[in-house]
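Trainee: Predicted structure and sequence below. I'll ask about it afterward.
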Amino acid sequence: MDENENFESLRRLMALKRHEVPPPGYFHNFSSEVIARIKLGEHRSAEAAETPWFLRLLQIFDAKPAFAGVFASSLCLLLVFGIVNAERPDMPVAQSPMLIQTADNNASAANPPATVSQTSQSAQSTLALNSTNPILDLQATAQQAVPVNELFNQGGPSVQDASFTPPGQ
Amino acid sequence: MAEPIERTESTPGPEEETSLVAKARDGNLAAYDELIKRYQERIYATVYHMTSNHEDANDLAQESFIKAYQALKSFKGGSSFYTWLYRIAVNKTINFLKQRKNRQHLSLNDLDFNTEHNPDLVALISEKTPRRDAGLTELQQKLNEALLKLSEPHRLVVVLHDVQGLSHEEIAKVADCNIGTVRSRLFYARQQLQAMLADYLK
């Protein structure tokens, strides 16, 4: 073949590579070394499967300290989030009249009554009307100033005076 | 646990190889030991000629056999075990060489006793080489340096064909390319080597 004829000298030179051999006895132990490494790998896999999860986690931390840092930071963040969340009420503030009332009362106690703003008063009256709190109801009633007589003369059953004469008079 | 297998002195055929592969796939390490013994020299030689470094060749050859054992379950038998094993070793070696690009440290094996009695080589050195003082060791060094200057695909083809003696078809299967590509790579690699080793080939 032409290509082989052209490169005949090179091919003979390349034949020198075939005479490069590893140290004597190298292949006697080669397969046993490979088998030993395979067994070692299988042993490690079996050990890893038997190790409890927390020990495996510790091993990962040992191997990768950065992972330990990330894990600790995540735990701290979770803790802070939990604390902040635990201090919050279950209901939103705007929908809780009791809390608003308490807060408002506190504000009134801190400031003289004369300095309480008109907005605060109107908000209080609005909330009071809608509230089921008996104290607030009374305040609301007082603010509406409905005469007491009107409460009893609203088309109720009419009362007639009775004349009673004891027998024998 | 490895089970003992019967050892035969004669060269086992493909049927026995299939049986060994099946046993090794079931975890029989004795069967796999037999397969290693059968191919260790060829796998080592291929890796060694690609790296020109004995220690690297030792590690890569061992790792290739370990990886092949771990991947045996994925071996469907579409190609021969030998070709499949070769492909694992070659891929592992090429990946290693890509990472090693900046470190070209030769750790060459010694030439065996027969080298000095090889008539072709003796003639090549004593008659055709202009530098007649060049010894075999120097020639070996130059040859390996020239091989390392080739790209990995070209080096692979010339090693498998001119050193290992594989056919174009076998190389095409190992290198996962067509025969035309193998031929063109071989031609180009030889041209390059011829230019680099011109002093020793005149």
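Mentor: Cool, got the structure. Numbering: from 1, shown residues only, chains lettered A, B, ... in the order given.
Trainee: From now on I want contacts and neighbour counts done on CA atoms only, so please keep to that.
Mentor: Fine.
Trainee: residues near A:P23, how many?
Mentor: Using other C-alpha atoms under 10 Å in any protein chain shown, the number of residues around A:P23 comes to 12.
Trainee: quick one: it and B:A89, what's the gap?
Mentor: Distance, A:P23 to B:A89, by C-alpha to C-alpha, to the nearest Å: 21 Å.
Trainee: ditto for A:E87
Mentor: Distance from A:E87 to B:A89, by C-alpha to C-alpha: 63 Å.
Trainee: who in chain A is up against chain B?
Mentor: For chain A, the contact set with chain B under C-alpha under 8 Å from any C-alpha of the partner chain comprises A:3, A:7, A:9-23, A:27, A:30-35, A:37-38.
Trainee: Could I get the phi/psi values of B:L108?
Mentor: Dihedral angles of B:L108 (phi, psi; degrees, to the nearest 10) stand at phi -80, psi 150.
Trainee: My error: substitute B:S79 in the last question.
Mentor: Main-chain torsions, B:S79, degrees, to the nearest 10: phi -120, psi 180.
Trainee: what does the model give it for pLDDT?
Mentor: Here, the pLDDT recorded for B:S79 equals 82.
Trainee: List the contacts of the host helix or strand of B:N95.
Mentor: Per DSSP states H and E: B:N95 is located in helix B:81-99. By C-alpha atoms under 8 Å, 6 or more residues apart in numbering or on different chains, the surrounding residues in contact with helix B:81-99 are B:17, B:21, B:39, B:43, B:46-47, B:50-51, B:60-61, B:64-65, B:67-68, B:75, B:152, B:170, B:173-175.
Trainee: which of A:E87 and B:A89 has more neighbours?
Mentor: More neighbours surround B:A89 than the other of A:E87 and B:A89, with 24 against 8 (other C-alpha under 10 Å).
Trainee: Please tell me how far that one sits from chain A.
Mentor: Going from B:A89 to chain A by C-alpha to the nearest C-alpha, to the nearest Å gives 14 Å.
Trainee: which residues touch whatever residue of chain B ends up closest to chain A?
Mentor: Relative to chain A, the nearest point of chain B is B:L111 (4.5 Å; C-alpha to the nearest C-alpha). Counting by C-alpha under 8 Å, 6+ apart, B:L111 makes contact with A:19-21, B:137.
Trainee: Just want the phi and psi numbers for the residue nearest to the spatial centre of chain B.
Mentor: Central residue of chain B (C-alpha atoms, centre = their mean): B:T46, 1.1 Å from the mean position. Phi and psi for B:T46, reported as degrees, to the nearest 10, are phi -60, psi -50.
Trainee: same question, the one 4 residues further on
Mentor: Torsion angles at B:M50 (phi, psi; degrees, to the nearest 10) stand at phi -80, psi -30.
Trainee: Surely it is in contact with B:V159?
Mentor: Yes: look at B:M50 against B:V159 with C-alpha atoms under 8 Å: they come within range, at 7.2 Å.
Trainee: Okay, helices next: where are they in chain B?
Mentor: Ranges of helices within chain B are B:14-25, B:29-51, B:54-70, B:81-99, B:119-123, B:136-149, B:152-158, B:168-175, B:179-196, B:198-201, based on DSSP state H.
Trainee: Output those helices in JSON lines; the columns should cover distance to A:F61.
Mentor: Output for those, formatted as JSON lines (distance: least, C-alpha to C-alpha, whole Å):
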{"stretch": "helix B:14-25", "distance to A:F61": "35"}
{"stretch": "helix B:29-51", "distance to A:F61": "34"}
{"stretch": "helix B:54-70", "distance to A:F61": "27"}
{"stretch": "helix B:81-99", "distance to A:F61": "28"}
{"stretch": "helix B:119-123", "distance to A:F61": "59"}
{"stretch": "helix B:136-149", "distance to A:F61": "42"}
{"stretch": "helix B:152-158", "distance to A:F61": "39"}
{"stretch": "helix B:168-175", "distance to A:F61": "41"}
{"stretch": "helix B:179-196", "distance to A:F61": "49"}
{"stretch": "helix B:198-201", "distance to A:F61": "58"}
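Trainee: looking at these, which has the lowest confidence?
Mentor: helix B:119-123 (a mean of 66).
Trainee: where in chain A is pLDDT low?
Mentor: In the predicted model of chain A, residues A:1-5, A:89-160, A:164, A:167-169 satisfy pLDDT under 70.
Trainee: one more time with 90
Mentor: A:1-21, A:23-25, A:40-69, A:71, A:84-169 (pLDDT under 90).
Trainee: Could I get the full set of strands for it?
Mentor: Listed in chain order, the strands of chain A (DSSP state E) span A:20-21.
Trainee: Any idea which residue of it lies closest to chain B?
Mentor: With C-alpha to the nearest C-alpha as the measure, A:E20 is the residue of chain A nearest to chain B, at 4.5 Å.
Trainee: ok, for that residue, nearest residue in space, not its chain neighbours?
Mentor: The shortest distance from A:E20 to any non-neighbouring residue, by C-alpha to C-alpha, 6 or more residues apart in numbering or on different chains, is to B:L111 (4.5 Å).
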